[in-house]
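Q: Sharing a sequence plus its predicted fold:
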Amino acid sequence: MSMHGMRGLSVFISEIRNCQNKEQERLRIDKELGNVRNRFKNEKGLTPYEKKKYVWKMLYIYMLGYDVDFGHMEAVSLISAPKYPEKQVGYIVTSCLLNENHDFLRLAINTVRNDIIGRNETFQCLALTMVGNIGGREFAESLAPDVQKLLLSSSCRPLVRKKAALCLLRLYRKNPDIVNVDGWADRMAQLLDERDLGVLTSSMSLLVALASNNHEVYWSCLPKCVKILERLARNQDVPQEYTYYGIPSPWLQVKTMRALQYFPTIEDPNTRRTLFEVLQRILMGTDVVKNVNKNNASHAVLFEALALVMHLDAEKEMMSQCVALLGKFIAVREPNIRYLGLENMTRMLMVTDVQEIIKRHQAQIITSLKDPDVSIRRRALDLLYGMCDVTNAKDIVEELLQYLSSADFTMREELSLKAAILAEKFAPDLSWYVDVILQLIDKAGDFISDDIWFRVVQFVTNNDDLQPYAAAKVKEYLDKSAVHETMVKVSAYILGEYSHLLARRPGCSPKEIFSLLHEKLPTVSTTTIPILLSAYAKILMHTQPPDQELQSQIWSIFNKYESCIDAEIQQRAVEYLALCQRGAALMDILAEMPKFPERKSSLIKRTEYSEGDTAEQSAIKLRAQQQTSNALVVTDQHPANGATSPVPVGQLSLVKVPSMITTENDTSTDHPLSQQNGALSNVDPQPPSADLLSDILGPLAIEGPPGATVQSEHNAVSGLEGGSDAADGSAIVPVDEQTNTVQPIGNIAERFHALCLKDSGVLYEDPYIQIGIKAEWRGHHGRLVLFLGNKNTAPLVSVQAIILPPAHLKVELSLVPDTIPPRAQVQCPLEVVNLRPSRDMAVLDFSYKFGTNMVNVKLRLPATLNKFLQPIQVPAEEFFSQWRSLSGPPLKLQEVIRGIRPMPLPEMANLLNSFRIMNCPGLDPNPNNLVASTTFYSESRPAMLCLVRIETDPADRTQLRMTLASGDPTLTFELKEFIKEQLISIPTAPRSPAPPAAQPTPQIPPNDPAAILAGLLS
Amino acid sequence: MANAFDSTLLFMQSLHHKGHSLYEIQVIRELSGLILTRGPKLCNFVDWRGLRVVYKRYASLYFCMCIDQDDNELEILEIIHHYVEVLDRYFGSVCELDLIYNFHKAYFILDELLLAGELQESSKKTVARLVAGQDSLVETAKEQASAISNIIAHATKKVMNPLAIAF
C-alpha cells in the first residue's frame, strides 16, 4: 500500500524516538522548531511539499506536548492552496492547532465558504470537517445557511450530506442563538426518509440535538423514528456493511431511541404499541454471548431501550422486567455490565416509582460498594444514595459508615457528605441523626466540612428534646483519648449550651465538663479556641450557685488570652472577662441560643446539579425536572410573617426573639433567666456594643434568627439605644396564630392541569409541605395515593384532610395521621368510584399547623371526567352505523363553538388523544375535520361508546362545530362541555397563566357548585 | 480520539464531544495518570471532572473518548473498536509504529468516522473507500507534479531544484 510517505518527516520521528531521555528529546525538538521557523521566514523559497512537511512536523511536536506558537499562518494558508494534497493538510492541521477563538480563522472564512459552496465535493468534505470540528461563532454566523443547503440538496452525494448534518449539529450546539432552525421540522422529517444509513445516522444525531431543545416542533419525526427502529430491530432491509457483529447498526438504534426520549410521551396508540413491541423484543432477545464486541454492542442497545422504557412510563409489568434485568446485571462478572447495571438503576430511581422493587437488590448493591473497581464503587454509592428513604435509611447509612473506615481517600469526602445528607433527610428520629453525624466526625473528621457540624448544631438547637441527648453523646466522645478537632468544636458548642441539662448525672458537673473540654485546648488550632472560650463562659454562667474555684480558673484562662496574638481569641477573652465581672448581665447575654430559622440545608444545596454550558439538555435531566421525585425537596424557607430579608446579625441578636417555630416556652423553665432577655436595657443601663454581642451569639458564623416581625426588631434596637422601657417584653410576645400567610410554591391551577393529563406529579407545595399524587385508573375505578411530605425539621401538626366529593363520585380516603414527623412522608391511599358522567370535581380540603401558622388549602383533585375514558379505535362501518343510529338530541348534540384557541388540526388531535379520546384518521374525507372515539366507564352502566366529530373552518381557526354522540344524554352533554372547556382554555400550555377550566361558558348553570368552587380556587 | 502511551506520550487528539473541546496538554497528562493506573480487569469507564471517560487498551495503546455522564457508554466503547478495526483494515494488522509514523493517516481516517463528536459512518467499507479515494487524489497530484518537473528538467537540463521551478 502506498503511504505516500514523507521521508523527512519519518526521519524526524525516528530521531525523536531514538532520544535516550526527555532532555535529549527537548533539545532535538528545539533544534527542529528553530529550523522550521527559519524556513517559514523565507516562505517564497518553500515548495508546497516542504511547506506540508514542516506543518506536519509542527503538528507532531504539538502532539508530543510542546508549545508551538508560530506557523499557524502557514497552516491556515495551505487551506487556500489549489491542489487537494496541500488543502487537506491545511484543513487538518488547522483544526488541530487552532481553537475556535483564534484570529487566523477569520482569514480563512472566505476560502472555507468558497469550498463549501463550490462544486468540488472533496473540498466540500474537507471544509465541512474542519468547521464541524472547530464550530466557532463566526463560522456559525457566516456558514450555517450554506451548510443547511448542502444537507438538503438532492444533488449532493451522501458523503457530503452526512458531513453537512454533523457540521450543522456542531454549529447549532455551540451557537444555538445564531443557527436558525425555524421551519426545520418538516425538513428534519424528510431527512429521516433517507435511504443511506450513513446520512441517516448523522441526521439522527442532528435530530437529537434539535429535539432536545424544542421537542414540540418535531413531533412529526416521532413516528418515523419508531419506523426506523422497527426496521433495524427486525433487521429488515439493512445492508450487510451496516451490521456490526451481526447487529444492524447498533449506533443508529441507540441514537433513535435517544431521540425518542426527548418527546414527553407518545400519544398515538398504534405507534406506541409498535414501539413497545420493538422494545419488548430488545429487552427479551438480548443474550450474553462470548464475543466481547457483540456483547457490548447488543447491550448498548439494550441499555438505551431500558432508558426509553423508563421514559415512557411503561406498564408496571414491563418496568419490573427492566428492574429484574438490571438486578441480573449488577451481579454478573463482566465489570462494564455491572457498572452500567448500577448506573441505570440509579437513573431508574430518578424517573419512576420502582423503589420497592429495587430495594430487593439492596444486599447486592452493598456488596458492590466493596468492588475492586473504584468506578463501580462510585456507582454503587450513587445508587445507595438515590434509593435511600425512610424505610431503609438506617441500614444504608450504617453500611456507609462501616465502609467509611476502609474506603479510599478519594471517596471519603463524598461518602461522608452523602451519609450526612441521608441521615438528615431520612432520620427516623433525631437522636439517630446525631449519632450518625458524631460517628462521621469520629471516623472521618478530616473529611467533614464545617457545613456538616453547623447543621447538627442547628438541629440540636431547634429541638429541645434532643439537647440533653446530644450533650451526653458528645461527652462520651470527649472521654476517648484521641478526639478529632471537629469533634472538639461541636462538643464545645453543645456542652457550652446544654451541659447544664446533664448536671445531675455522674461526671457531668460543670467543673468536670469544663476540665474535660479544657484538656483538649492544648491540642487544637486557633480556630477552635474561641469556641472553647465561649463554652467556658457559658458553663460559668450556668453554674448555679456560682462556684468560686471554677470561676477563678476560667477567669485566669480569659486573663491569659487577653494578650493572645490572634485577634479573635483576644477579643473573646477580653469581652468575656468584662462580661463576667458585670455579673447579672452575663446571664442574659450568654443565654441559650435562640432557635435557628428553618432553612435549606447547605449540604443539600451543595449536591445540587450545576448546569453545563452546552446547548443540549440531557433527556434524563429534563425528565427528572418534569417528574416528581419521591424525595422531599427542601427549598428556601421564609418566615410567613414577612420578615423575609436577612437582617444583619449585629442588630438582631441583641435579644432573643422568638422565632417562628417556637411557640412553647418550656426552655424557660429550665433556666428562668433566659425568659427576660428581651428586657436587656432594663438590667444594664450601659449596654455593650452591638458588635460585641453579635460575636457571642454568632460565634459559628451561622446567621442569626430573623426577627419575628420588623416591628419587634425596631423595638429591640431602639430599646437598646435609648434605654427606653417601651422595649420591655415586646420582642418576646409570641406571634399570634396566623392563617394562610404561607405562599404556595408554583401555580396550583397549573399543577392541577398537568395532573389532568398525567397520573403522577405534585398537587401542591409550600415551604412546609409537598403534596404529591399518584394515580392508577382502571375502568370506573381509580386508586390515588396522596404523598404528604413534611419538608422541615419540626413536625407538622393538626393535619387534616377532608374530601368534598361531588355527587357522581364515591371517594374514600384512608386515615390521615394528625402529625407528620420531621422530614417524613406519609402516604394516604384514596379510592375513587365513578357513578355517572359529570364534570364536577372532587375537592381536597387540607389543613395543617406549623408553629404558629395555620394553613388551609382547598385543592381540586384530578379525578376528572377524562380519567374514566378508555381510547378505542372503531372500524369505519361500526362508527358510521353507530353515528346514524344516534340520530339527534339528546343523544347527539351539536354546537358551534367560538373563541377557540387557534391550533393546527394535528395539535388538536393530539390534545384529544391526551384526554384519551382517540383520533380516528381517515374516517372523514374532509381534511379539515376530525373524528374521534372513546369509551366511558361508570358503575351504573357498561362501557359507553362516545363518538366525536369536529369540523373546523380553515378560514377562521377560532371557531368550529362539534358533534358528540353517545347512548347516554348526560354523558353526551358532559363530554361535549368537557371537550369545549379544553379547547377554549389552554390547559396544555403551562406558560399561560390564564384561568383554567372554569372559564365562563354559557352552558354551565350559574349555581353549579363545582364551577363556583373551581372559580374560587383558580 | 486516540491516545497512546508508551513510556512517553506519543499521540494525542483533541477531545471533542458535544460542546466541550479540550486541547490542553494538561488534560492528556491528567487523563493518562488516571487511566494508566487502572488495572486490567476493571471496567472501561472512569469519572473525570464531571465528565466520563471511556477508554480501551490495545497492546500498549490506549484509546479514549470523553463523554457526558448520561451518554451511552457501551456505544462509545464500540465506536473506539470500530475505529481500531478500520485502522486495522487500512494498515493491514495495525501496530503502534504504523500509527506513530502515519499519525496524519490516523487523523484522516478519524475524520471520516467521527465528526462533532458523533459517529458519522458505521460502514467500514464506506470509510475504506473514502480514504482510498483521498489517497489516490494525493497520488495523482504527486505524479502530475513529477511529470511536470521531469519535463522542465529535460527542458532546462538543470536538475538543481526541480520542484521549486515547477511552482
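A: Structure's in. What do you need?

Q: Going by C-alpha atoms from here, please, whenever you check contacts or count neighbours.
A: OK.

Q: and residue 43, what pLDDT?
A: I'll assume chain A. Residue A:43 is assigned 69 on the pLDDT scale.

Q: looking at chain B here, not the other one
A: pLDDT, residue B:43: 93.

Q: Spell out the secondary structure type for it.
A: Assigned with DSSP: H, G, I helix; E, B strand; the rest coil, residue B:43 falls in the coil class.

Q: cool, the one 10 residues further on as well?
A: Using three-state DSSP as the criterion, the local structure at residue B:53 reads strand.

Q: Excluding chain neighbours, what is closest to residue 87?
A: Looking at chain A here, since you left the chain open. Distances taken as C-alpha to C-alpha, 6 or more residues apart in numbering or on different chains put residue A:79 closest to residue A:87, at 4.6 Å, once the chain neighbours are dropped.

Q: Hmm, no, I was thinking of chain B.
A: In space, not counting the residues next to it along the chain, residue B:87 is nearest to residue B:94; the distance is 6.4 Å by C-alpha to C-alpha, 6+ apart.

Q: Now that that neighbour has come up, it's in contact with residue B:100, right?
A: No: at 10.9 Å, residue B:94 and residue B:100 do not qualify as touching, with contact defined as C-alpha atoms under 8 Å.

Q: And the two? Which one has more around it.
A: residue B:100 (19 against 15; other C-alpha atoms under 10 Å in any protein chain shown).

Q: Just list the residues touching the residue nearest the centre of chain B, thanks.
A: To find the centre residue of chain B, average its C-alpha atoms and take the closest one (C-alpha atoms, centre = their mean): that gives residue B:106, at 3.0 Å. Under the criterion of C-alpha atoms under 8 Å, 6 or more residues apart in numbering or on different chains, the contact list for residue B:106 reads B:87, B:99.

Q: Same check on residue B:44?
A: In this structure, residue B:44 makes contact with A:336, B:54, B:55, B:56, B:77, judged by C-alpha under 8 Å, 6+ apart.

Q: For the second one, which residues count as its bridge partners?
A: Each beta-bridge partner of residue B:54 is listed here: residue B:45, residue B:65, as defined by DSSP bridges.

Q: Got the confidence number for it?
A: For residue B:54, the model assigns a pLDDT of 90.

Q: wait, isn't it in contact with residue B:69?
A: No: Residue B:54 lies out of contact with residue B:69 (C-alpha under 8 Å); the separation is 10.6 Å.

Q: Which one's more surrounded, those two?
A: Under the neighbour definition other C-alpha under 10 Å, residue B:54 and residue B:69 were set side by side, and residue B:54 has more, 23 against 15.

Q: what's the distance between that one and residue B:108?
A: Going from residue B:54 to residue B:108 by C-alpha to C-alpha, to the nearest Å gives 22 Å.

Q: and residue A:935, what does it touch?
A: Counting by C-alpha under 8 Å, 6+ apart, residue A:935 touches A:869, A:870, A:871, A:872, A:943, A:944, A:945, A:946.

Q: Tell me which residues of the helix ranked longest in chain B come out buried.
A: Among the elements of type helix in chain B, defined by DSSP state H, the one spanning the most residues is helix B:124-156. Buried residues in helix B:124-156, defined by neighbour count with 16 or more other C-alpha atoms under 10 Å in any protein chain shown: B:124, B:126-128, B:130-131, B:134-135, B:138-139, B:141, B:146, B:148-150, B:152-153.

Q: ok, now stretch A:271-280?
A: Across stretch A:271-280, burial judged by 16+ other C-alpha under 10 Å covers A:271, A:272, A:274, A:275, A:276, A:278, A:279, A:280.

Q: secondary structure element for the last one?
A: Assigned by DSSP states H and E, residue A:280 falls within helix A:269-285.

Q: between the helix or strand that that helix is followed by and helix A:269-285, how many degrees?
A: Proceeding C-terminally, helix A:269-285 gives way to helix A:292-311 as the next helix or strand, assigned by DSSP H and E. Here the directions of helix A:292-311 and helix A:269-285 differ by 140 degrees (axes from the mean of the first three to the mean of the last three C-alpha atoms, to 10 degrees).

Q: what's in contact with helix A:292-311?
A: Among residues not part of helix A:292-311, those counted as contacts by C-alpha under 8 Å, 6+ apart are A:244-247, A:250-251, A:253-254, A:257-258, A:260-261, A:264, A:279, A:282-283, A:286, A:288-289, A:318-319, A:322, A:340, A:344, A:348, A:351-352, A:623, B:72-75, B:77-78, B:81.

Q: now stretch A:316-329
A: Applying C-alpha under 8 Å, 6+ apart, the set of residues contacting stretch A:316-329 from outside is A:283, A:306, A:309-310, A:313, A:337-338, A:340-342, A:344-345, A:354, A:357-358, A:361.

Q: Equivalent analysis for stretch A:250-269, please.
A: For stretch A:250-269, the surrounding residues in contact (C-alpha under 8 Å, 6+ apart) are A:200-201, A:204-205, A:207-208, A:211-212, A:215-216, A:219, A:222, A:225-226, A:228-229, A:232-233, A:243-244, A:272, A:297-298, A:300-301, A:304-305, A:307-308, A:311-312, A:619, A:623, A:910, A:913-914, B:72, B:75, B:119, B:122.

Q: Quick one: residues contacting residue A:361.
A: By C-alpha under 8 Å, 6+ apart, the contact list for residue A:361 reads residue A:327.

Q: pLDDT wise, what is it at?
A: For residue A:361, the pLDDT comes out at 91.

Q: hang on, residue A:825 packs against residue A:792?
A: No: with the criterion set as C-alpha under 8 Å, residue A:825 and residue A:792 do not qualify as a contacting pair; they are 10.9 Å apart.

Q: residue ranges with poor pLDDT in chain A?
A: Residues of chain A meeting the criterion pLDDT under 70: A:1-5, A:43, A:351-352, A:583-587, A:598-741, A:985-1018.

Q: How many residues are close by residue A:506?
A: Applying other C-alpha under 10 Å, we find 8 residues neighbouring residue A:506.

Q: can you give me the helices for chain B?
A: Across chain B, reading from the start of the chain, the helices by DSSP H fall at B:25-36, B:73-91, B:96-101, B:103-113, B:124-156, B:162-166.

Q: what's the angle from the second one to helix A:292-311?
A: Just to be clear, that refers to helix B:73-91. Computed by the same axes, to 10 degrees, the angle between helix B:73-91 and helix A:292-311 is 150 degrees.

Q: Run the chain-centre distance for helix B:73-91.
A: Distance of helix B:73-91 from the chain centroid (C-alpha atoms, centre = their mean, to the nearest Å) equals 11 Å.

Q: got the angle for it vs helix B:103-113?
A: Taking the same axes, to 10 degrees, one finds that helix B:73-91 is oriented at 130 degrees with respect to helix B:103-113.

Q: which residues are contacting helix B:73-91?
A: A:250-251, A:254, A:293, A:296-297, A:299-301, B:44-45, B:54-56, B:63-65, B:94, B:98, B:106, B:109-110, B:113, B:119, B:122, B:124, B:127-128.

Q: Could you identify the buried members of those?
A: A:250-251, A:254, A:293, A:296-297, A:299-301, B:44-45, B:54-56, B:63-65, B:98, B:106, B:109-110, B:113, B:119, B:122, B:124, B:127-128.

Q: Isn't residue A:947 up against residue A:962?
A: No: Residue A:947 is beyond contact range of residue A:962, at 10.6 Å (criterion: C-alpha under 8 Å).

Q: mind listing what the nearest residue to residue A:432 once chain neighbours are set aside touches?
A: Once flanking residues are discounted, residue A:432 sits nearest to residue A:423: 8.0 Å by C-alpha to C-alpha, 6+ apart. For residue A:423, the set of contacting residues under the criterion of C-alpha under 8 Å, 6+ apart consists of A:393, A:397, A:432, A:433, A:436, A:437.

Q: which one among those gets closest to chain B?
A: Within the contacts of residue A:423, distances to chain B taken as C-alpha to the nearest C-alpha reach their minimum at residue A:397, with 23.6 Å.
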